[in-house]
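*Asks:* have a look; sequence and predicted model below, questions after that.
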Amino acid sequence: MSVLVDNNTRLCVQGITGNTGAFHAKASMEYGTQVVAGVTPGKGGETFEGSTPIFNTVREALEKAEINATVIFVPPPFAADAIMEAADAGVALIVCITEGIPVEDMVKAKRYLEDHPASRLIGPNCPGIITPNQCRIGIMPGYIHKPGKIGVISRSGTLTYEAVHQLTTLGLGQTTAIGIGGDPVNGTNFVDCLALFNEDPETEGIVMIGEIGGSAEEEGAAFIKANIKKPVVGFIAGTTAPPGKRMGHAGAIISGGKGTAEAKLEALADAGVHLAETPSDIGSTMAKAIG
Amino acid sequence: MKIHEYQGKQLLAAEGIPVPQSTVAFSADEAHAAAVDLIAKTGSEVLVVKSQIHAGGRGKGRFKEHPDLGGVKVVKGADAVKDLAGKMLGSTLVTIQTGPEGKEVRRLLIEQGMDIKTELYVAATLDRVTGRTTIMASTEGGMEIEEVAESNPEKILKVSIDPAVGLLPFQARQLAYGLGLTGKVARKMATFIGKLAAAYQRLDCAMLEINPLVITGGGDVVALDAKTSFDDNALYRHPTIEELRDPTEEDPAELEAKKSDLSYVNLDGTIGCMVNGAGLAMATMDIIKFFGAEPANFLDVGGGATVERVTAAFKLITADPKLEGILVNIFGDIMKCDVIAEGVLAAVREVGLKVPLVVRLEGTNVEKGKAMLESSDLKIITGSSLRDAAQKIVEMAK
């Protein structure tokens, strides 16, 4: 079992003719993902890699190619519009990879999604979502993943790969790995993913990787405390980050004493989460936790 | 991106928000001229001289060169302004936010003195929990809002803006009456808040804080201070705001990094690190600390770790005089490890190596990449995992 994506996922790639979009569309196809449509305004009627049809609009892709998921590789100034276009068409899963979307644009997109509850947004500024050997949506290296029993949720990209790699090496594997993104305003959060993994019978343990900034980890911790019996392993990046400085991710900033790693670690510990001492210990901490 | 108070006030004035009359001065003579001009315009000799630096707590801060002098001072007459400007300009102001090294004052704002009846607080910023802009207002003007939130959270009033309709007039009224204002003053306050919300959105601000906002003896509502910062992601649509950037307020290494499209933050430790990805970069800093050393920087070389970027990153890291070791941690996502190893070797050859370097690679062709590093004539140590690499560099740098 898995959450959100599997081998029934029919993926559309918005921005399929751009460099990054084309590269990762091809990588997803090679991984075995059903990439059934692309969208680039003005290139409707053309095909990608000789067979995948390209449409001018997401609505057309939905009607003609029966997509149920879309991934966005559109430049920052146009990415929020791409998200809202996908929501308007009614695509069930919208994954936005784009980094650098203006906050004001995401505030509007998030509001728009509230009126389109049939659509779920993952990201933006995220590596995407993968169910090993079934469906890869995004930019993660597919080969480090392996089917297994751990659900992974993370605000980071390469730090997620670090955790996934450890789980694979230790033979635990993953049910699904979800990158929720490093922006201050995003779609799916820790709580949503924790709920999904909690209900998935094949997920035996959950890895949750957070970082400084905001309070999504604290909200996740409260949810774990109240609802989750499965072992959860936590790691928070940024213990050494100084306040007031943006650490790469737009959302990774300690402001007004809020969003510190200490507060998040404390909330997770209080919820009974097994904390990994270092980023190198995420896999081994999970191995111990599930026995 | 942050700007100075005087720049923020100019932007606010252009949006129709009342601010005191003022002029920026870069020299004591300019300060004198500004004072003469203001006295002629307002008919009042009372003026305020305000140090312009990108840090709060200026009033309570003190100059290193003049331990009795604060960063904001009320004086009478143009000669007194000139005198004070001579002392402040070129001196280093230490406030609670500058750190002990302080910041050199290069610009002053010469402002008319106001007849202050009440000091209030109003700000617009993003509420990350709701994903919406929030307007906060408080009767506790002049105090740090974080302190108010800690000690008297009930004294902070908030309204959340629905982006579909913007701030509604009734919400502005709610805040104005909530602050205990009445009659004309309450109406002026509601108008002020409406304009503030509009400016916040139109200019893509990250924070727009008016503290204090004052009610004058004549019943006017005026922004006595303005702390303005912008969403970096939206600067592309505001070229005139980008021009307000004051490079002397920013870390030179961080400015240099920006040119090479690197995400860099200078820190106090001795172990330089170069990592791909922001989360992994922070985690790498944390593990250095875990093994007993301190990171010298945060550096994210981004997804495509090209030779040019790796070289630029090496130059940045090695320019740091407190450097005692370097840890490179790259989780090759789509990049192959042998390509990254080539980049690291080319960069080290070009930049040179005076401190120990430990490289940890993971991803496709990792064995090939490691072999290339180990067999080179350069003294590069490889790590088998992040833990192993961090332990090695901390040990070697001792």
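*Replies:* Received it, and whenever you're ready, just let me know what you need. Numbering: from 1, shown residues only, chains lettered A, B, ... in the order given.
*Asks:* where in the stretch 201-350 of chain B is pLDDT low?
*Replies:* B:303-305 (pLDDT under 70).
*Asks:* which parts of it sit against chain A?
*Replies:* B:201, B:204, B:206, B:231-234, B:236-237, B:263, B:265, B:267, B:275-290, B:294-295, B:298, B:300, B:303, B:331-334 (C-beta under 8 Å from any C-beta of the partner chain). Glycine gets a C-beta too; all of them are placed from N, C-alpha and C.
*Asks:* filter those residues down to the buried ones, PyMOL style.
*Replies:* Selection of buried members from these for PyMOL, criterion 16 or more other C-beta atoms under 10 Å in any protein chain shown:
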select buried, chain B and resi 201+204+206+231+232+233+234+263+265+267+275+276+277+278+279+280+281+282+283+284+285+286+287+288+289+290+294+295+298+300+303+331+332+333
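*Asks:* which helix or which strand is home to the closest residue in space to residue A:48 that isn't next to it in sequence?
*Replies:* Nearest non-adjacent residue to residue A:48, counting by C-beta to C-beta, 6 or more residues apart in numbering or on different chains: residue A:38, 4.8 Å away. For residue A:38, the host element (DSSP states H and E) is strand A:34-39.
*Asks:* just checking, what packs against that strand?
*Replies:* strand A:10-14, helix A:19-31, strand A:52-55, helix A:58-65 (3 or more C-beta pairs under 8 Å, 6 or more residues apart in numbering or on different chains; DSSP states H and E).
*Asks:* for the shortest one, which helices and strands make contact with it?
*Replies:* Spelled out, it's strand A:52-55. Against strand A:52-55 (3+ C-beta pairs under 8 Å, 6+ apart) you get strand A:34-39, strand A:47-48, helix A:58-65.
*Asks:* likewise the longest one?
*Replies:* For helix A:19-31, the packing partners by 3+ C-beta pairs under 8 Å, 6+ apart come out as strand A:10-14, strand A:34-39, strand A:135-138.
*Asks:* name every strand pairing with the shortest one and say which way it goes.
*Replies:* In the sheet containing strand A:135-138, the strands it pairs with under DSSP bridges are strand A:128-131 (antiparallel).
*Asks:* how about the helices in the chain?
*Replies:* Went with chain A since none was named. A:19-31, A:58-65, A:76-89, A:103-114, A:158-169, A:190-199, A:216-227, A:261-270, A:282-290 (DSSP state H).
*Asks:* that answer is for a different chain, and I need it for chain B
*Replies:* Secondary structure of chain B (DSSP H): helices at B:5-14, B:28-42, B:78-88, B:145-151, B:169-178, B:183-202, B:239-242, B:252-259, B:278-290, B:307-318, B:337-351, B:366-374, B:386-397.
*Asks:* mind listing what's buried in the longest one?
*Replies:* Within helix B:183-202, the residues that count as buried by 16+ other C-beta under 10 Å are B:185-186, B:188-201.
*Asks:* around chain B, which positions in the stretch 51-200 of chain A sit nearby?
*Replies:* A:76-77, A:100-108, A:110-111, A:127, A:139-141, A:143-144, A:154-162, A:165, A:182, A:184-185.
*Asks:* let's see 7 Å
*Replies:* A:76-77, A:100-104, A:107-108, A:110-111, A:139-141, A:155-159, A:161-162, A:165, A:182, A:184-185 (C-beta under 7 Å from any C-beta of the partner chain).
*Asks:* what score does the residue of the stretch 1-150 of chain A found nearest chain B have for pLDDT?
*Replies:* At 3.6 Å from chain B, residue A:102 is the closest residue in the stretch 1-150 of chain A, using C-beta to the nearest C-beta. On the pLDDT scale, residue A:102 is placed at 98.
*Asks:* residue B:231 is in contact with that one, correct?
*Replies:* Yes. Shown here, residue A:102 and residue B:231 form a contact pair, counting by C-beta atoms under 7 Å, at 5.7 Å.
*Asks:* which residues do these two both contact?
*Replies:* Shared contacts of residue A:102 and residue B:231, defined by C-beta atoms under 7 Å, 6 or more residues apart in numbering or on different chains, are found at residue B:204.
*Asks:* now, which of the buried residues of helix B:183-202 sits nearest residue B:170?
*Replies:* residue B:190 (9.1 Å; C-beta to C-beta).
*Asks:* wait, what's in contact with the closest one?
*Replies:* Counting by C-beta under 7 Å, 6+ apart, residue B:190 has contacts B:169, B:172, B:173, B:176.
*Asks:* same question, residue B:116
*Replies:* Contacts of residue B:116 by C-beta under 7 Å, 6+ apart are B:214, B:216.
*Asks:* repeat that with 8 Å
*Replies:* Residue B:116 makes contact with B:214, B:215, B:216, B:217, B:224, according to C-beta atoms under 8 Å, 6 or more residues apart in numbering or on different chains.
*Asks:* now, those that are in strands?
*Replies:* B:214, B:215, B:216 (DSSP state E).
*Asks:* please check those residues and keep the buried ones.
*Replies:* Using 16+ other C-beta under 10 Å, the buried ones in the ones in strands among the contacts of residue B:116 are B:214, B:215, B:216.
*Asks:* could you dump these to a markdown table with distance to residue A:117?
*Replies:* A markdown table is the format used below for these (distance: C-beta to C-beta, whole Å):
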| residue | distance to residue A:117 |
| --- | --- |
| B:214 | 45 |
| B:215 | 45 |
| B:216 | 49 |
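*Asks:* tell me which of these is nearest to chain A?
*Replies:* residue B:214 (22.8 Å).
*Asks:* which parts of the stretch 1-150 of chain B sit against chain A?
*Replies:* B:126, B:128, B:129, B:131, B:132, B:133, B:145, B:146, B:149.
*Asks:* looking at those, which two lie furthest apart in space?
*Replies:* B:131 and B:146 (21.6 Å).
*Asks:* looking at the two, which is more packed in?
*Replies:* residue B:131 (23 against 12; other C-beta atoms under 10 Å in any protein chain shown).
*Asks:* residues in contact with that one?
*Replies:* A:106, A:107, A:110, A:111, A:185.
*Asks:* coming back round to it: please identify the most buried of the helices of chain A.
*Replies:* helix A:158-169 (a mean of 25; mean count of other C-beta atoms under 10 Å in any protein chain shown).
*Asks:* what sits up against that one?
*Replies:* A:127, A:140-141, A:144-146, A:148, A:150, A:152, A:154, A:173-174, A:177, A:179, A:207, A:209, A:235, A:237, A:279-280, A:282-284, A:286, B:275-277, B:279-280, B:282-283, B:331, B:333, B:362, B:386.
*Asks:* so which of those are in strands?
*Replies:* A:148, A:150, A:152, A:154, A:174, A:177, A:179, A:207, A:209, A:235, A:237, B:275, B:331, B:362.
*Asks:* widest-spaced pair of those?
*Replies:* A:148 and B:275 (26.5 Å).
*Asks:* circling back to that earlier point, which one of the helices and strands packed on helix A:19-31 lies nearest to residue B:163?
*Replies:* Nearest of the helices and strands packed on helix A:19-31 (C-beta to C-beta): strand A:10-14, 22.3 Å.
*Asks:* elements contacting that closest one?
*Replies:* Checking 3+ C-beta pairs under 8 Å, 6+ apart, strand A:10-14 ends up next to helix A:19-31, strand A:34-39, helix A:58-65, strand A:69-72, helix A:76-89.
*Asks:* tell me the angle it makes with strand A:34-39.
*Replies:* For strand A:10-14 against strand A:34-39, the angle by axes from the mean of the first three to the mean of the last three C-alpha atoms, to 10 degrees is 30 degrees.
*Asks:* paired strands for strand A:10-14, with orientation please.
*Replies:* Going by DSSP bridges, the partners of strand A:10-14 are strand A:34-39 (parallel), strand A:69-72 (parallel).
*Asks:* dump it to PDB, restricted to CA.
*Replies:* Taking Å, rounded to 0.1, in the frame of the first residue of the first chain, the C-alpha atoms of strand A:10-14 are listed here in PDB:
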ATOM      1  CA  ARG A  10      -2.000   9.300 -14.400                       C
ATOM      2  CA  LEU A  11       0.400  12.200 -14.400                       C
ATOM      3  CA  CYS A  12       0.400  15.500 -16.400                       C
ATOM      4  CA  VAL A  13       3.500  17.700 -16.500                       C
ATOM      5  CA  GLN A  14       2.800  21.500 -16.600                       C
END
